[in-house]
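Visitor: This is a predicted model, with the sequence first.
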Amino acid sequence: MNIVIIGAGYGGLRAVEKLINNQNINITLIDSNPYHYMQTEVYGYIAGKYDICDITIDIKNWCTGFSKDINFVNEEAIDINTKDQEVVTVNQTIKYDELIIATGATTNFPTFIDGLEENTYGVKVLDRAYELKSKFEKIIYKKIRHSGNTEFNVVIGGAGLSGVEIAAEMAYMSKKITKSSGKKYSDISITLIEAYDSILNGMDQYIIKHTVKRLNSLGIKVMTKSFISTVEKEKIILENGSEINYDFMIFTGGIKATGLNDTLDVDKNQLNQFIVDKYLNINGYQNIYAIGDCAQILDIDGNFLPPTSQIAEQCAQNVAKNIILKMNNKDLEVYSGHIDGMFVALGGHYAVGNILDKFKVKGYLAYLVKKLITKMYHYGLIFRLNNGYKLRK
């Protein structure tokens, strides 16, 4: 059986891991990038805590680390021919028996906010995260290198998980660096702007409460119930007419699915995400699955699940299991994903989170738990990478 997986994000790689040991399966993994981007760690990368090698993994070498060959195609998938069961890339067509779409999503820049996309940075794509990191480092360098009080204003639109983590890490790092230079850190200001009544909308109240406390202690200004109307080159105008000057702006206010989602005439939501059934099939195709951010994922009770790495991996595990069950003519399992826990990194050695809504932690202990989870994932990737290197020698 030929299984094609489009997208080497969290869901795509987990699907490979769960399917690779079946002798009757041949896997082709397609991605336009040669690397896996650990987007959950982007907050530390932008703030200078991590290097690019800490948040990327070479996919080809990772694939070589398995005992069984994986065909990695480093090309963009541009179309799906459902009639002939083929994925069309820039240079070839690839046959599939079962297809898993795990292409993720990009930052959603609402068109009703004038000038937003032209003047801000998103972090869903590594190139944009790199540009943002470079600009932030130049600001820190300029502050340390030159004397005098130079104010730098960072504005982050969207106080969800990404926005909060980036704000906290940037504030912590700028505070740490400027303190070591003997200058005040208060002249690097960070403002979070959120349209909802609260930051981290929909999350556990324990997490929200302690996140707010941490942000306040870092000197971050939080503006809730604030709607951005226009973004100019160095100025943000809110709906109420007030203005905020900025040196650079990051936007983390949501996602949308693009690319292959545009090519298939199937049910999609307002964010262009595939609407999938209880087995994560797109409608009308029992051999095409959509997982992770490119799909609208619901739990067993019909509630929306957030676009997180753990949901993408749960989806991948369910789909992989069902493909094998189908091969053995057994009943399929309904997807029953849920949030096992949530941790928010809040700068330095501080985090807040809960596990299974039972164990709630904050501070250094929460940081250690989050760090352990991240390291386990990263070391798993590195293990495959090193195996591939040994096999090539």
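Guide: Arrived safely, thanks for sending.

Visitor: Strands of the stretch 51-200 of the chain, residue ranges please.
Guide: 56-58, 71-73, 77-81, 86-89, 93-95, 98-101, 106-107, 152-157, 188-193 (DSSP state E, counting those that start in this stretch).

Visitor: Which of these has the highest mean neighbour count?
Guide: strand 98-101 (a mean of 26; mean count of other C-beta atoms under 10 Å). For every residue, glycine as well, the C-beta is placed using N, CA and C.

Visitor: Quick one: residues in contact with that one.
Guide: By C-beta atoms under 8 Å, 6 or more residues apart in numbering, the surrounding residues in contact with strand 98-101 are 1-7, 11-12, 15, 80, 85, 87, 260, 274, 282, 287-291, 294-295, 316, 319, 323, 326.

Visitor: Which ones among these lie within helices?
Guide: 11-12, 15, 316, 319, 323, 326 (DSSP state H).

Visitor: Closest to G160 out of the residues you listed?
Guide: Nearest to G160 out of the ones in helices among the contacts of strand 98-101 is G11 (C-beta to C-beta; 19.7 Å).

Visitor: Is it correct that the closest one is in contact with A290?
Guide: No - judged on C-beta atoms under 8 Å, G11 makes no contact with A290 at a distance of 9.5 Å.

Visitor: Please identify every residue contacting each of these two.
Guide: Between them, G11 and A290 share the contacting residues 100, 102, judged by C-beta under 8 Å, 6+ apart.

Visitor: if we can go back for a sec, will you turn the ones in helices among the contacts of strand 98-101 into CSV that also has neighbour count?
Guide: Converted to CSV, these look like this (neighbours: other C-beta atoms under 10 Å):
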residue, neighbour count
G11, 31
G12, 26
A15, 30
A316, 28
V319, 29
I323, 22
K326, 16
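
Visitor: ok, so of those, who is nearest P307?
Guide: Closest to P307, out of all of the ones in helices among the contacts of strand 98-101 and judged by C-beta to C-beta, is G11, at 10.6 Å.

Visitor: where's the closest one relative to M376, distance?
Guide: 17 Å (C-beta to C-beta, to the nearest Å).

Visitor: Kindly report the same for F359.
Guide: 18 Å.

Visitor: Kindly report the same for I139.
Guide: Relative to M376, and taking C-beta to C-beta, I139 is found at 34 Å.

Visitor: So these two - more neighbours on which side?
Guide: I139 (18 against 9; other C-beta atoms under 10 Å).

Visitor: Please report how far the closest residue in space to the more buried one that isn't next to it in sequence lies from I323.
Guide: Distances taken as C-beta to C-beta, 6 or more residues apart in numbering place F152 nearest to I139, at 5.0 Å, with adjacent residues excluded. Relative to I323, F152 is positioned 51 Å away (C-beta to C-beta).

Visitor: thinking again about what came up before, need the ones in helices among the contacts of strand 98-101 in a markdown table with distance to G104 and pLDDT, can you?
Guide: Below are the ones in helices among the contacts of strand 98-101 laid out as a markdown table (distance: C-beta to C-beta, whole Å; pLDDT from 0 to 100):
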| residue | distance to G104 | pLDDT |
| --- | --- | --- |
| G11 | 8 | 95 |
| G12 | 9 | 96 |
| A15 | 13 | 96 |
| A316 | 12 | 96 |
| V319 | 15 | 98 |
| I323 | 21 | 97 |
| K326 | 25 | 96 |
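
Visitor: Those residues into JSON lines, with extra columns for distance to I300?
Guide: Compiled in JSON lines, the ones in helices among the contacts of strand 98-101 are given as follows (distance: C-beta to C-beta, whole Å):
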{"residue": "G11", "distance to I300": "19"}
{"residue": "G12", "distance to I300": "24"}
{"residue": "A15", "distance to I300": "21"}
{"residue": "A316", "distance to I300": "18"}
{"residue": "V319", "distance to I300": "16"}
{"residue": "I323", "distance to I300": "20"}
{"residue": "K326", "distance to I300": "21"}
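
Visitor: any chance of the strands of the stretch 51-200 of the chain in CSV, plus distance to G347 and mean pLDDT?
Guide: Below are the strands of the stretch 51-200 of the chain laid out as CSV (distance: least, C-beta to C-beta, whole Å; pLDDT from 0 to 100):
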stretch, distance to G347, mean pLDDT
strand 56-58, 23, 89
strand 71-73, 36, 96
strand 77-81, 38, 96
strand 86-89, 41, 97
strand 93-95, 44, 98
strand 98-101, 36, 98
strand 106-107, 22, 90
strand 152-157, 13, 90
strand 188-193, 11, 91
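
Visitor: looking at those, which is closest to Y335?
Guide: Closest among the strands of the stretch 51-200 of the chain, using C-beta to C-beta: strand 98-101, at 13.3 Å.
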